[in-house]
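Undergrad: Predicted coordinates and the sequence they were generated for:
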Amino acid sequence: MRTITYREALREAMREEMVRDESVFILGEDVGVYGGIFGVTAGLLAEFGEERVRDTPISEAAIAGIAVGASMTGMRPIAEIMFVDFTTIALDQIVNQGAKWHYMSGGKLTVPAVIRTYTGTGRRTAAQHSQSLEAWHAHVPGLKVVMPATPYDAKGLLKSAIRDNNLVVFIEHKMLLNEKGQVPEGEYLIPLGQADVKRPGEDCTVVATSLMVGRALKAAEILEAEGISVEVVDPRTLRPLDIDTICQSVAKTNRLVIVHEACQFGGIGAEIAAQVGERAFFDLDAPIVRVAGKDVPIPFSPALEDAVVPSVEDIAAAVRSLVKGVA
Amino acid sequence: MGARATELSQEDLLCMYRKMLEARYFEEKVVEIYAQGLMPGLAHLYIGQEAVAVGVCAALKPEDLITSTHRGHGHCIAKGGDLKPMMAELFGKATGYCRGKGGSMHISAFELGILGANGVVGGGIPIATGAALSAKMRGSGQVVACFFGDGASNQGSFHESLNIAALWKLPVVYVCENNRYGISVSQARHQAIENISVRAQAYGMPGVTVDGNDVEAVYRAAREAVERARQGSGPTLVECKTYRWRGHHEGDPNQGQRYRSREEIQEWKEKCPIKRLRTKLLAKGVSPSKLEEIEATVREAVEQAVEYANNSPFPSIKEAFSDVYAE
């Protein structure tokens, strides 16, 4: 199988869907001539023209709202909001409009749109360009929220998101764009709402999202050398959440560590922990542990930024402590 | 009606008269029912502003689209809404336009081109803009009329949307219903300009101000804007000066006497758009008995709508859980 980057996988997904379906189009800041702030839409303007790859003014509320209105009336827009931090400027259209119209219309209106956006730390862009706001979106009934961690998942999930008849908030990690991975040549879809066991193991389940999936896998390698077998589960979609796969894993390993980059308070880890507590309490041999970002705005200085998000060693230490009872 | 012609026939005017009466009598009935505590939620009434919705919608074709506001009953009626499912929706009944899941502030009817009344001031403006983009991209020939108030013209969504619509020459008519109050704050206290239509200049589109209590003047301005949109020449901002007779909503004491004088309300009641059209029709030789017949028919239709709503069942509880996501 060929190897391509996460960026290329995303671009392929959009390109294939635009070829397949004329109602699919792209809009957002710098998505056309510039090719996207992170280069994900590069080349699409040349192939599809300005009608279907639309550079917009810096107007996040309008970008999201135009996507909502266009999708209600027969189109399938993919709107790029440059950073998930800026979805806050578009939240009325995402939360009050796009997420609600299917329900409030008694099922008559549908909003088949995708909002693609970038999350997370690593580029030293401080507190307004580095947040992880996925829990905000996942909290809203009517929205679907996807966070792919690999090129393979990125392509298969984005294609499903574009074909989904709901507003999907599709959150890509800016530090994963250059990650390479195996992606088949032919078309494939990954259903929304299906978790993936990224590595099987026996002693502890680590549920990790987005950038943290790779860090959890590295931690698992370190722990394997110490004789601890870790199972890494990536939910891939936060809403709908595949709690069954997570609970099955916990039933096998009897321990759970949840890892995410977003700060801990009210994070998606709290939801996963609560659901496992409700459904699989008697499968647990020890309390659930969360390894999450610190409850602070993301600092600029590299030394500080690295200190406030989970590292491979933080994850390994948490698992080690849980399994062996030592820090 | 055979409207959209340059000159309105007597038949067109009678049709407009009937629509305005439907809006008026429907809401007068809401006043009564609401005061008895028989209607759930909030009721924001359109009484006094009927000429705007009716004049604008007369310039639209059935397949054209509208977005509406929290004060949306008049728009819904003018676009062809049936009083029965409207009243049922206000009662939260299963036979309502949205199966009781939208209510007064959120009536939508996709089959009539109504993309929803909106509980958020300015929330519908980007949606209308997106629907216009969709119409243009699909080559459907549809035009979108976007209703909003003087208060919404201060929202970011207004400015972002007008900028993009003018830039992309979208087939949308922005209809500002300047009823002089944003809840309790008079126009003179919420913006330094007198005519909101001047804001059109900032975005490179025509802006006109008309007497919003003169249904023919509204129609003429709307017709010109709709034709311009349909020909691909882009958006227009039409400001209709009118007045809200009732309070912001039916819970606003004494029709808003905390922030305006009785004399002011009285002065505007004398400019009643319905009385004005009636006088004109009589002057054109329509017999009083013809008008009385229309009035009686509309009163009867309103009574039937109330009966229909009263006799309709509430939705089954399982309805609360359907339509959260589209299939």
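TA: Good, I have the coordinates.
Undergrad: Which parts of the stretch 101-250 of chain B are helices?
TA: Residue ranges of the helices in the stretch 101-250 of chain B, as given by DSSP state H, counting those that start in this stretch, are B:124-138, B:156-167, B:187-190, B:199-203, B:215-230.
Undergrad: List the pairing partners of the helix or strand harbouring A:Glu261 within its sheet, with orientation.
TA: Here A:Glu261 sits within strand A:256-263, counting by DSSP states H and E. The sheet places strand A:256-263 alongside strand A:204-208 (parallel), strand A:289-293 (parallel), with pairing taken from DSSP bridges.
Undergrad: among the helices of the stretch 101-250 of chain B, which is the most enclosed?
TA: Per residue and on average, the most neighbours among these fall to helix B:124-138, with a mean of 29 (mean count of other CB atoms under 10 Å in any protein chain shown). Glycine gets a C-beta too; all of them are placed from N, C-alpha and C.
Undergrad: What pLDDT is listed against the residue nearest the centre of chain B?
TA: When chain B is reduced to its mean C-alpha position, the closest residue under CA atoms, centre = their mean turns out to be B:His75, at 2.9 Å. With respect to pLDDT, B:His75 has a value of 98.
Undergrad: Which residue is the nearest non-sequential neighbour of it?
TA: Beyond its immediate neighbours in the sequence, the residue positioned closest to B:His75 (CB to CB, 6 or more residues apart in numbering or on different chains) is B:Ser68, lying 4.1 Å away.
Undergrad: quick one, phi psi at that neighbour?
TA: Per-residue torsions, B:Ser68: phi -130, psi -170 (degrees, to the nearest 10).
Undergrad: So what's the residue count around A:Glu17?
TA: A:Glu17: 21 surrounding residues under other CB atoms under 10 Å in any protein chain shown.
Undergrad: got it, and the one 10 residues further on?
TA: Neighbourhood size, A:Leu27 [other CB under 10 Å]: 24.
Undergrad: any idea whether the residue nearest to it when sequence neighbours are not counted is helix, strand or coil?
TA: Excluding its sequence neighbours, the residue lying closest to A:Leu27 (CB to CB, 6+ apart) is A:Arg54, at 4.1 Å. Taking DSSP: H, G, I helix; E, B strand; the rest coil as the rule, one finds A:Arg54 in the strand state.
Undergrad: what's the distance between A:Arg54 and A:Ile66?
TA: A:Arg54 sits 9 Å away from A:Ile66 when distances are taken as CB to CB, to the nearest Å.
Undergrad: Quick check on those two: which one has the bigger neighbour count.
TA: Neighbour totals were compared for A:Arg54 and A:Ile66, and A:Ile66 leads with 34 against 22 (other CB under 10 Å).
Undergrad: does that one sit in a helix, a strand or a coil?
TA: In the three-state summary, A:Ile66 is assigned as helix, counting by three-state DSSP.
Undergrad: Can you name the residues that contact it?
TA: If you count contacts by CB atoms under 8 Å, 6 or more residues apart in numbering or on different chains, A:Ile66 has them with A:27, A:56, A:77, A:79, B:126-127, B:129-130, B:133, B:161, B:164.
Undergrad: which residues of the chain score low on pLDDT?
TA: Just so you know, I chose chain A. A:326-327 (pLDDT under 70).
Undergrad: Chain B, not that one
TA: Short version for chain B, where the test is pLDDT under 70: B:1-6.
Undergrad: give me that answer again for 80
TA: The model of chain B has pLDDT under 80 over residues B:1-7.
Undergrad: ok, the residue of the stretch 201-327 of chain A at minimum distance from chain B to B:Thr95 distance?
TA: Ranking the residues of the stretch 201-327 of chain A by distance to chain B (CB to the nearest CB) places A:Pro240 first, at 8.3 Å. Going from A:Pro240 to B:Thr95 by CB to CB gives 31 Å.
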